[in-house]
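Engineer: dropping the sequence and predicted coords here.
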Amino acid sequence: MNKKRWLWLPAKAVQNTLLALLIATCSILFTSGDSHYVPEFAPFYALERAGYDFLFFFRGSKLDRIDPRIMVVGFDHQSEVELKTRWPAPRNLHAKVIRNLAKDGASLIVYDVLFWGATNPKDDKDLDLALKQAGNVVQPMRIDRDYVQKLESLEEPYYNDDLNIDFLSNSVDGCAEVPQDVDGVVRRYTPFMYFQDEPKPSMAAAAYLKLRGLDQNNLTIRKDGFQVGDVMIPRSGPVIQDPFNTRFLIPSAYMDFPAGNASFGLNVTFTDLVKGTFPKGTFRGKIVFVGRTGQELNRENYDLFVTAFTNHSDDSLSGSMGWVKTMPGVFLQALNLNALLHNGFIVKAPIWSVWILVFGLVVAGAAGVRSSFNWRGPAILFLCTLLYVGYSITVFSRFNFYVPWVVPSLLMMSSIILVTYFERGALRRKWSRYVSPQVLERIIKGEEEGAAQRYRASVVFGDIRGFTAFTTLHTPETVVKLLNAHFEKMTTIIYEEHGTIDKFMGDGVMALFGAPVPIPNDAVCAVRAAWRMCEASKEPLTLDGESFVLSSGFGVTNGFLVAGHVGSKVRHDYTVIGDVVNIASRLQGVTNSSDVVIDSTTMRLVSDHFEVESLGEVFIKGLPEHMECYRVTGMRDLSTSRKRKERSRPAKTGIS
């Protein structure tokens, strides 16, 4: 890359862009398990699956999205007691249920019971006749797979040519298999399965085609989805490779679960249908699903499922079972048909749209952090993350549009930590050369990190008396070592008084008090620092067994100045500009002795804290008039000063 070509770009903008590229790209990689599964990313896929389920929790139940024509008739433990039989119950009882439903005007009967194999011939013939007379029954079939021997067989409704029994011909059948994710949760719908190279419709698809008067030929696969009759289902879920027919890919779609176990009221029981004790017309024009609904009964028969809705939602079954995460298979089949009737499928956001959204929010958030490096900065990026999460929840709730949110939002939140961490490091590196640790912490906690601002502050200039002559008498190595030791003492004192070192100039030092972070009594801190440095400079420094004294003089003044980073994009430093800077520089050169000289403005601010003596009006180079100057002769005892003020106040007479 040509470095000159990119010089016009601000460094922070480049960093923000690179960070956004990283976060957006990782957001795509870690949430694309449906289309490009990477085993190493499995934990991220699991997080996103959990986040998908929580979208249903945030949205809540949508019972208005359930077709009012769909009803469920359930067989449970109470039915076993009342009918004095155990599941699956004699087939003559199922024949009565089918006849009563057909007689009452049910438009479609979906029987979630696999009548496989022979039982009592009389009961089998009775059920066969009931199926034939009704003519609108949908039954399940099951593909039995032996993964060890790589064999599969089809369990279909019972038929016997010798007895003239054919449940299959007298009804429509469909696969009752339910696709589950690796965590055992049902989130998707598959309209068909393959058996020996032939697609077999799901039970819900078979029911829908039957309801519309269509056959299996109306089940087609398209590039952008798959079609069941007139319903176009998007390819929003993962594509499954059939384990026995690897050249076949089974598409799937994320399904909308309007509710869980409360989806269908169990107002009429299996016993009521057997005995005919239900209000006439209850099932007229209804789509009736019949199956097991008892939790214990379904648990025994492995017919309970956790769905994306029930995984985190408090959803009771007819208000009597408390929070149950599992749903009977017959409920799930009914919800599958409901999705086909009302296009209840989730459309997943294209990966490019997620990438663009995350990229834009991270760029905006990172820029916010760096432009306002205090609580507002991280709050901006946190707000961007909340906007993303809120957007994901809103479009899911209102439009059945799924935008992966858990992993992207976690990555966006991590970018807050990254930006804050690196900015703090950069800030420490930049300011640790100038300010005391206490001031540095205040800057890091929220002050502006260098933008030019106007301050009322104090400036201290100091240099070593007779240093030029001193350097001619000693080697450069000795001079440098002594200067380092001298400035070490000066720096410690400046930092202890909450000052900021602007620069070292040969044998001189310039320090600020009250900028870039305002401090109370900055003039007092400045003069005290100058006095302490002056006294410390009189103490000898020992080098190679020889003692040296680097006595220093200091000038202090107070006034308005502008402080900030000055320079080019390639090289810049923090400095101050203003008349007070020049005055402080001139004051330290007023006398040749080791002392502290201040102007009249500073004297008025510190008179309670220091003993001073007037030097009279002194000519200051660069100023048109002479200036009243003072030499600091000592620090006052603050308690004594206060007592003196108390004694000088007039006594109260008690007369108002």
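Structural biologist: Nice, I can see it. Here the structure is a predicted model, which is why all the values come from computation and not from measurement.
Engineer: what's around residue 43, how many residues?
Structural biologist: Neighbourhood size, residue 43 [other Cβ atoms under 10 Å]: 10. Using the backbone N, CA and C atoms, a C-beta is placed for each residue, glycine as well.
Engineer: so which strand or helix has it?
Structural biologist: Assigned by DSSP states H and E, residue 43 falls within helix 42-59.
Engineer: list the buried residues of that helix.
Structural biologist: Residues 44, 45, 47, 48, 49, 51, 52, 53, 54, 55, 56, 59 are the ones in helix 42-59 that count as buried (16 or more other Cβ atoms under 10 Å).
Engineer: just put the residues you listed in TSV and tack on distance to residue 599 and pLDDT.
Structural biologist: Shown next, in TSV, are the buried residues of helix 42-59 (distance: Cβ to Cβ, whole Å; pLDDT from 0 to 100):
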residue	distance to residue 599	pLDDT
44	65	92
45	71	92
47	65	93
48	67	93
49	72	93
51	66	94
52	71	95
53	72	94
54	67	95
55	69	95
56	73	94
59	71	92
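Engineer: TSV for those residues, including distance to residue 502?
Structural biologist: Converted to TSV, the buried residues of helix 42-59 look like this (distance: Cβ to Cβ, whole Å):
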residue	distance to residue 502
44	49
45	55
47	50
48	52
49	57
51	52
52	57
53	59
54	54
55	56
56	60
59	59
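Engineer: residue 589 in helix, strand or coil?
Structural biologist: Three-state assignment for residue 589 (DSSP: H, G, I helix; E, B strand; the rest coil): coil.
Engineer: cool, and residue 227?
Structural biologist: The three-state assignment at residue 227 reads strand, by three-state DSSP.
Engineer: how near is the closest residue to it other than its chain neighbours to residue 564?
Structural biologist: Spatial nearest neighbour of residue 227, excluding adjacent residues (Cβ to Cβ, 6 or more residues apart in numbering): residue 220 at 4.8 Å. From residue 220 over to residue 564 the distance is 69 Å, taken as Cβ to Cβ, to the nearest Å.
Engineer: packing partners of the helix holding residue 43?
Structural biologist: helix 376-399, helix 406-431 (3 or more Cβ pairs under 8 Å, 6 or more residues apart in numbering; DSSP states H and E).
Engineer: helix or strand right after it?
Structural biologist: strand 70-75.
Engineer: packing partners of that following strand?
Structural biologist: With contacts defined as 3+ Cβ pairs under 8 Å, 6+ apart, the packing partners of strand 70-75 are helix 270-275, strand 287-292, helix 329-341.
Engineer: packing partners of the last one?
Structural biologist: Pointing back at helix 329-341 there. Judged by 3+ Cβ pairs under 8 Å, 6+ apart, helix 329-341 is in contact with strand 70-75, strand 108-111, helix 203-211, strand 253-255, strand 287-292, strand 304-307.
Engineer: that helix vs helix 203-211, what angle?
Structural biologist: Going by axes from the mean of the first three to the mean of the last three Cα atoms, to 10 degrees, helix 329-341 is angled at 50 degrees with respect to helix 203-211.
Engineer: contact partners of the one helix or strand residue 25 maps to?
Structural biologist: Using DSSP H and E, residue 25 sits in helix 11-29. Residues outside helix 11-29 that contact it (Cβ atoms under 8 Å, 6 or more residues apart in numbering): 6, 38, 41, 351, 354-356, 358-360, 362-363, 366-367, 370, 404, 407-408, 411-412, 414-415, 418-419.
Engineer: repeat the analysis, applying 7 Å as the threshold.
Structural biologist: Defining contact as Cβ atoms under 7 Å, 6 or more residues apart in numbering, one finds that helix 11-29 is touched by 41, 351, 354-355, 358-359, 362-363, 366-367, 370, 407-408, 411-412, 415, 418-419.
Engineer: now swap in stretch 378-397 and tell me
Structural biologist: Contact with stretch 378-397 is made by 55, 58-59, 357, 361, 364-366, 368-369, 401-403, 405, 408-409, 412-413, 415-416, 420, as judged by Cβ under 7 Å, 6+ apart.
Engineer: with only the CA atoms kept, save it in CSV.
Structural biologist: Coordinates of each C-alpha in stretch 378-397 appear next as CSV, following Å, rounded to 0.1, in the frame of the first residue of the first chain:
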residue,chain,number,x,y,z
PRO,A,378,-19.1,4.0,25.3
ALA,A,379,-22.8,5.0,25.8
ILE,A,380,-23.0,5.8,22.1
LEU,A,381,-21.6,2.4,21.1
PHE,A,382,-23.8,0.7,23.6
LEU,A,383,-26.8,2.6,22.2
CYS,A,384,-25.8,1.4,18.7
THR,A,385,-25.9,-2.1,20.0
LEU,A,386,-29.3,-1.6,21.6
LEU,A,387,-30.6,-0.2,18.4
TYR,A,388,-29.4,-3.3,16.6
VAL,A,389,-31.1,-5.6,19.2
GLY,A,390,-34.2,-3.5,19.2
TYR,A,391,-34.4,-3.6,15.4
SER,A,392,-34.0,-7.4,15.4
ILE,A,393,-36.8,-7.8,18.0
THR,A,394,-39.1,-5.3,16.2
VAL,A,395,-38.8,-6.8,12.7
PHE,A,396,-39.2,-10.3,14.0
SER,A,397,-42.3,-9.4,16.0
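Engineer: buried set for that stretch?
Structural biologist: Those buried within stretch 378-397 under the rule 16+ other Cβ under 10 Å are 378-385, 388-389, 392-393, 395-396.
Engineer: what does stretch 614-626 give?
Structural biologist: By 16+ other Cβ under 10 Å, the buried positions in stretch 614-626 come out as 615, 618, 620.
Engineer: now do residue 32: how many residues are near it, please.
Structural biologist: Using other Cβ under 10 Å, residue 32 has 18 neighbouring residues.
Engineer: list the contacts for it?
Structural biologist: Going by Cβ under 7 Å, 6+ apart, residue 32 touches residue 351.
Engineer: that one and residue 180, how far apart?
Structural biologist: Using Cβ to Cβ, residue 32 is found at 20 Å from residue 180.
Engineer: buried stuff in the helix or strand encompassing residue 364?
Structural biologist: Taking DSSP H and E as the definition, residue 364 sits inside helix 351-371. For helix 351-371, the buried set under the neighbour-count rule, 16+ other Cβ under 10 Å, comprises 351, 354-355, 357-359, 361-370.
Engineer: and what of stretch 453-469?
Structural biologist: Going by neighbour count (16+ other Cβ under 10 Å), the buried part of stretch 453-469 is 455, 457, 458, 459, 460, 461, 462, 463, 464, 465, 467.
Engineer: so where's the chain shaky on pLDDT?
Structural biologist: Within the chain, the ranges that satisfy pLDDT under 70 run 1-11, 146-150, 241-247, 314-324, 370-377, 421-451, 565-574, 591-592, 622, 638-656.
Engineer: spit out the contact partners of the most centrally placed residue in it.
Structural biologist: Nearest to the geometric centre of the chain sits residue 409, at 2.6 Å (Cα atoms, centre = their mean). Listed by Cβ under 7 Å, 6+ apart, the contact partners of residue 409 are 385, 388, 389.
Engineer: now render the buried residues of stretch 614-626 as JSON lines, adding secondary structure and distance to residue 597.
Structural biologist: Listed next are these as JSON lines, based on DSSP: H, G, I helix; E, B strand; the rest coil; distance: Cβ to Cβ, whole Å:
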{"residue": "615", "secondary structure": "strand", "distance to residue 597": "7"}
{"residue": "618", "secondary structure": "strand", "distance to residue 597": "9"}
{"residue": "620", "secondary structure": "coil", "distance to residue 597": "11"}
